[in-house]
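> Requesting a structural model of the entry that follows:
(4 chains)
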Protein chains: 2
Amino acid sequence: MELSNKQITVIFKALCDENRVQIFRLLQGGELCACHLLEDLHLSQPTLSHHMKVLCDSGLVVGRKEGKWMHYSISQEGAKVAMDCLKEITAVNENDCNCCSK
Amino acid sequence: MELSNKQITVIFKALCDENRVQIFRLLQGGELCACHLLEDLHLSQPTLSHHMKVLCDSGLVVGRKEGKWMHYSISQEGAKVAMDCLKEITAVNENDCNCCSK
DNA sequence: CGCACATATAGAATTTTGTCAATACGTTTT
DNA sequence: AAAACGTATTGACAAAATTCTATATGTGCG
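Residues are numbered from 1 along each chain as shown, chains lettered A, B, ... in the order given. This is a model prediction of the structure:
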């Protein structure tokens, strides 16, 4: 996989804002268009657009354009990448002890 | 599990800064004291202390005091909570379609 | 006790992020 | 073509995060 530190921060920034977390909850029922998301969130349209960009940049959400509507959904591929990344970054190599007092 | 949106953001803020991601990489070899972490990061001591607080607040890292040293390590329990949380928040309920055009 | 050392906290400066109003862009409809 | 609609971008401002210096706290040692 070999993701850089920077790339990892981009992925997890998706989950660092309460409104964005709420967007995930709304998308759990399936694909939604921006206008529908907007109804359930107390945000202006440009702010929602900004959050959707952060989410798409993370890879955890994908957008699909259909006429003048944008439909967003949770990406299972993106979720897998994030999961693998989290697993990798929290894995501990128990072989060597590099504690400074031993 | 039932974590609030706010609690979720606290967990994943751990991975939203490049220096903190680097700290995970350093801790993957095992427990390290703050002074050792400081050697490998181009940060002042108070800045490192701040990052370690963010990491401990997330639950992904735990600190252990030994005399005047603080030893930090990756928490496997915290990692599991984060993993479950990521899995839960990216899960899709395919039963109902709430797309606005259908 | 008093000094040295490791870490934490306080306060301030800088940068980043979140937010909105105004506007631009693209698509559909009349 | 023009109007209407949904979304994206721009620019400005506010809030939050990152960083540092200075200082405080706590621990071990002579």
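> Please count neighbours and contacts with C-alpha atoms only from this point.
Will do.
> remind me which residues of chain A are low pLDDT?
A:1, A:95-102 (pLDDT under 70).
> ok, residue A:70 touching residue A:34?
Yes - in this structure residue A:70 lies within contact range of residue A:34 using C-alpha atoms under 8 Å: 6.0 Å.
> Neighbour count for the two, which is higher?
Neighbour count, other C-alpha atoms under 10 Å in any protein chain shown: between residue A:70 and residue A:34, residue A:34 has more, with 18 against 15.
> what residues are up against the more buried one?
Residue A:34 sits next to A:48, A:49, A:69, A:70, A:71, A:72 when contact means C-alpha atoms under 8 Å, 6 or more residues apart in numbering or on different chains.
> Count the residues that sit near residue A:8.
22.
> Please name the residues that touch it.
Residue A:8 neighbours (C-alpha under 8 Å, 6+ apart): A:85, B:15, B:16, B:21.
> what distance separates the helix or strand it falls within from the middle of the whole chain?
Assigned by DSSP states H and E, residue A:8 belongs to helix A:5-12. Remark: helix A:5-12 is offset 10 Å from the chain centroid, using C-alpha atoms, centre = their mean, to the nearest Å.
> Bridged to the nearest residue to residue A:65 once chain neighbours are set aside, which residues?
Among residues not flanking residue A:65 along the chain, residue A:71 sits closest, at 6.2 Å (C-alpha to C-alpha, 6 or more residues apart in numbering or on different chains). Per DSSP bridges, the residues bridged to residue A:71 are residue A:33, residue A:64.
> Just the buried positions in stretch A:67-75, please.
Across stretch A:67-75, burial judged by 16 or more other C-alpha atoms under 10 Å in any protein chain shown covers A:71, A:72, A:73, A:74, A:75.
> Might you report the residue contacts of the closest residue to residue A:11 other than its chain neighbours?
Spatial nearest neighbour of residue A:11, excluding adjacent residues (C-alpha to C-alpha, 6+ apart): residue A:58 at 4.2 Å. If you count contacts by C-alpha under 8 Å, 6+ apart, residue A:58 has them with A:10, A:11, A:12, A:13, A:14, A:78.
> likewise residue A:42?
Taking C-alpha under 8 Å, 6+ apart, one finds nothing in contact with residue A:42.
> and it, how far is that from residue A:6?
Computed as C-alpha to C-alpha, to the nearest Å, the residue A:42 to residue A:6 distance reads 30 Å.
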